[in-house]
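Peer 1: make a model of this:
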Amino acid sequence: MGITTNFSEGNFDFGNDEEKLRMQHKHAARMAASSQPVYQLSNEQLAELSRVSRERVEADRMRKMGLKPRENMGLRYDDEA
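Peer 2: Take a look at the predicted model:
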């Protein structure tokens with residue numbers, strides 16, 4: 001299994017082996033990243049998501065203070081069907 005090397009000859013370079021392994025990891029990571037779908041949101045969608053996130057934090061703080069937040073606070077409705 002694999003190539004055997006005689007270490008007594010001193011022809012094995014650990015630095016070269018580590019560099020090959022590092023390059024294999026980089027290549028695998030690059031391939032995994034390229035296979036994932038790319039989502040692009042418009043500025044309006046990003047603003048809506050940040051508003052929802054901010055409202056969720058506010059609702060959580062209100063609950064911790066003993067207040068009852070609005071029912072639709074921190075929710076986002078998609079009209080697309």
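
Peer 1: what's around residue 48, how many residues?
Peer 2: The number of residues packed near residue 48 is 14, by other C-beta atoms under 10 Å. The C-beta positions use only the backbone N, C-alpha and C, and glycine is treated the same way.

Peer 1: dump the residue contacts of it.
Peer 2: residue 76 (C-beta atoms under 8 Å, 6 or more residues apart in numbering).

Peer 1: then residue 68?
Peer 2: Here residue 68 is in contact with residue 62 (criterion: C-beta under 8 Å, 6+ apart).

Peer 1: before we move on, what about residue 78?
Peer 2: Contacts of residue 78 were listed using C-beta under 8 Å, 6+ apart, and none were found.

Peer 1: and it, helix, strand or coil?
Peer 2: What DSSP: H, G, I helix; E, B strand; the rest coil gives for residue 78 is coil.

Peer 1: distance check, it against residue 49.
Peer 2: Distance, residue 78 to residue 49, by C-beta to C-beta, to the nearest Å: 12 Å.

Peer 1: how near is residue 42 to residue 66?
Peer 2: Per C-beta to C-beta, residue 42 is found 38 Å from residue 66.

Peer 1: kindly report the same for residue 41.
Peer 2: To residue 66, residue 41 is 36 Å away according to C-beta to C-beta.

Peer 1: these two: who's more crowded?
Peer 2: residue 41 (10 against 6).

Peer 1: grab the nearest non-local neighbour of the more buried one.
Peer 2: residue 49 (7.3 Å; C-beta to C-beta, 6 or more residues apart in numbering).

Peer 1: is that neighbour in a helix, a strand, or coil?
Peer 2: Secondary structure, three-state DSSP: residue 49 is helix.

Peer 1: fine by me, thanks again.
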